[in-house]
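Colleague: quick one: sequence and predicted model below, then my questions.
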Amino acid sequence: MPTLRVVLRLALCLAVPTATLGAQSTAGVIPGIETLLTDSLHLVQGKRVGLLTNHSGRNRAGTSTVDLLSRAPGVKLTALYGPEHGIRGAARAGEKIGSSIDSATGVKVYSLYGDVQVPTPEMLGDVDVLVYDIQDVGARVYTYQWTLALAANAAKKPIIVLDRPDPIRADRIEGNILDPAFASLVGQFPVALRYGLTPGELLRFLAGTKLIDANVTVVPMKGYRRAMWFDETGLPRVNPSPNIRTAEAEALYPGTVFFEGTTATEGRGSDAPFTLIGASWLTDHVAIAAELNGLRLPGVRFDTATRTIEAGYKFGGQTIPMIRLRVTDRNALRPVEMGVRMLRVIKARHPADFRWRQPQIDRLAGTDRLRAAVDSNTVDALLADWNRDAARFAEMVKPYLIYR
């Protein structure tokens with residue numbers, strides 16, 4: 001039976017089915033790892049701890065959660081688990097990572113991105129409780145939250161989420177709810193594409209709706225509000241993965257990520273991934289930018305550019321024409337609709353060159369309907385359905401929200 005708890009001030013562990021925590025600090029947001037160490041260390045004292053984290057798990061001073069827990073009194077750190085990009089966040093997207101020993105602590109590091117994506121009984125044998133501390137990007141297609149969900153479901157041990165912000169606002173939900181027929185590590189469970197939840201809230205939702213079987217405790221942030229962008233939290237920025245390098249890329253990502261599933265490039269191998277879309281055959285990029293600007297999509301402008309792409313990526317070694325996206329009003333921006341409409345414009349102008357990568361596009365979209373709608377020029381109807389999905393998901397998650 002899933003158990004849901006939020007650890008409140010004074011380290012009281014309460015069942016909070018509809019809890020909301022408002023701003024508690026005027027000094028910026030305090031992340032869950034600091035709340036744990038100051039208020040709630042009893043949750044891990046006297047226990048063998050397995051920590052699922054990466055380079056983004058750190059306190060405001062920049063000290064890693066690995067080091068903080070390894071030095072915490074009464075805490076025995078016995079295992080580390082790394083997601084996509086590895087525990088140091090340096091591996092390329094999709095790169096398989098092996099297990100290793102952490103040089104600083106001597107603790108075994110198990111990779112959960114590669115041949116093994118769910119922790120085995122052997123990996124969990126010396127662990128009493130799992131702790132999670134990773135910054136994600138608030139989009140379903142990111143893999144970190146699914147590594148968390150799969151680990152929580154498989155472990156059958158208590159899991160503690162050290163909460164962090166949704167960097168693109170937790171009060172915005174967009175896009176379709178994933179069709180389980182298209183589940184993968186870029187979308188494992190039926191949630192909206194831009195889901196508007198912190199990591200702790202998302203896991204509470206998954207456990208509370210019995211999508212996973214997990215005993216979940218969330219150690220919340222202090223001072224966090226749902227309408228915050230990451231750069232409004234006061235927390236130091238750490239790129240969550242190698243190709244998400246700016247706040248602008250994060251804001252655009254739920255839309256530009258679709259291009260991973262096409263023969264155009266989403267900008268990997270350039271200086272600005274996920275803000276540049278291009279291809280060697282996009283020679284009419286000036287006309288495409290003008291057509292996109294003519295749609296008057298809120299919060300974004302389309303400029304033109306050329307870039308030489310690094311070897312090892314789509315169009316590697318080539319200098320190609322590109323569309324440069326500029327966020328003009330991030331609060332008005334609707335990245336999912338933007339991405340869908342970009343797909344349609346480019347597909348219509350380049351029906352032979354613009355092709356889908358299967359099954360990647362359907363996994364990214366969580367459906368085969370995006371591909372069909374772009375091909376048949378029925379994206380208006382698709383987006384209307386997706387807006388209804390987003391509204392439905394917003395109602396579904398209300399009982400699991402922690403912050404106002």
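Modeller: Yep, that arrived.
Colleague: ok, what's across the strand from residue 306?
Modeller: Taking DSSP bridges, one obtains residue 321 as the residues bridged to residue 306.
Colleague: figure out how far the helix or strand harbouring residue 288 is from the centre of its chain.
Modeller: For residue 288, the host element (DSSP states H and E) is helix 285-294. Between the centre of helix 285-294 and the centre of its chain there are 30 Å (CA atoms, centre = their mean, to the nearest Å).
Colleague: now do the buried residues in that helix.
Modeller: Buried positions in helix 285-294, judged by neighbour count with 16 or more other CB atoms under 10 Å: 285, 288, 289, 291, 292. To be clear about C-beta, it is placed using only N, CA and C from the backbone, and glycine gets the same treatment.
Colleague: redo these as CSV? Include distance to residue 167 and pLDDT.
Modeller: As requested, the buried residues of helix 285-294 are exported to CSV (distance: CB to CB, whole Å; pLDDT from 0 to 100):
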residue, distance to residue 167, pLDDT
285, 29, 99
288, 29, 99
289, 27, 99
291, 30, 99
292, 25, 99
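Colleague: so which of those comes closest to residue 334?
Modeller: residue 292 (13.7 Å; CB to CB).
Colleague: wouldn't that closest one be in contact with residue 325 here?
Modeller: No. With contact defined as CB atoms under 8 Å, residue 292 and residue 325 do not form a contacting pair (9.0 Å).
Colleague: avg pLDDT for stretch 293-304?
Modeller: For stretch 293-304, mean pLDDT is 99.
Colleague: same thing with stretch 159-173?
Modeller: Average pLDDT, stretch 159-173: 99.
Colleague: quote the end-to-end distance of that stretch.
Modeller: In terms of CA to CA, to the nearest Å, the two terminal residues of stretch 159-173 are separated by 26 Å.
Colleague: in stretch 110-122, what's buried?
Modeller: Per 16+ other CB under 10 Å, stretch 110-122 contains these buried residues: 110, 111, 112, 113, 114, 117, 119.
Colleague: quick check: of these, which lies closest to residue 241?
Modeller: Of all the buried residues of stretch 110-122, residue 241 sits closest to residue 113, with 11.4 Å by CB to CB.
Colleague: distance of that closest one relative to residue 185?
Modeller: 8 Å (CB to CB, to the nearest Å).
Colleague: what touches both of these two?
Modeller: In terms of CB atoms under 8 Å, 6 or more residues apart in numbering, residue 113 and residue 185 are both contacted by the residues 84, 143, 147.
Colleague: stretch 243-251: end-to-end distance?
Modeller: End-to-end for stretch 243-251, by CA to CA: 13 Å.
Colleague: likewise for stretch 162-174?
Modeller: 25 Å.
Colleague: tell me which stretches of the stretch 301-404 of the chain form helices.
Modeller: Assigned by DSSP state H, counting those that start in this stretch, the helices in the stretch 301-404 of the chain fall at 335-349, 360-365, 369-376, 379-397.
Colleague: hang on, I meant the chain
Modeller: 32-39, 65-71, 121-124, 144-155, 199-208, 247-256, 285-294, 335-349, 360-365, 369-376, 379-397 (DSSP state H).
Colleague: contacts for the shortest one, please.
Modeller: By CB under 8 Å, 6+ apart, the surrounding residues in contact with helix 121-124 are 50, 79, 81, 110, 116, 155, 157.
Colleague: rewinding a little: make a markdown table from the buried residues of helix 285-294 and add distance to residue 99 to it.
Modeller: Formatted as a markdown table, the buried residues of helix 285-294 follow (distance: CB to CB, whole Å):
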| residue | distance to residue 99 |
| --- | --- |
| 285 | 44 |
| 288 | 45 |
| 289 | 46 |
| 291 | 49 |
| 292 | 45 |
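Colleague: nearest to residue 243, of those?
Modeller: residue 285 (21.2 Å).
Colleague: list the contacts of the closest one.
Modeller: Going by CB under 8 Å, 6+ apart, residue 285 touches 278, 304, 321, 322, 323.
Colleague: again, only using 6 Å
Modeller: 304, 321, 323 (CB atoms under 6 Å, 6 or more residues apart in numbering).
Colleague: and the gap between the nearest residue to residue 105 once chain neighbours are set aside and residue 124?
Modeller: Nearest non-adjacent residue to residue 105, counting by CB to CB, 6 or more residues apart in numbering: residue 70, 4.7 Å away. Per CB to CB, residue 70 is found 19 Å from residue 124.
Colleague: now do residue 205
Modeller: Distance from residue 205 to residue 124, by CB to CB: 24 Å.
Colleague: could you list the domains of this structure?
Modeller: Domain assignment for the chain by automatic domain parsing gives 3-240+394-400, 247-367.
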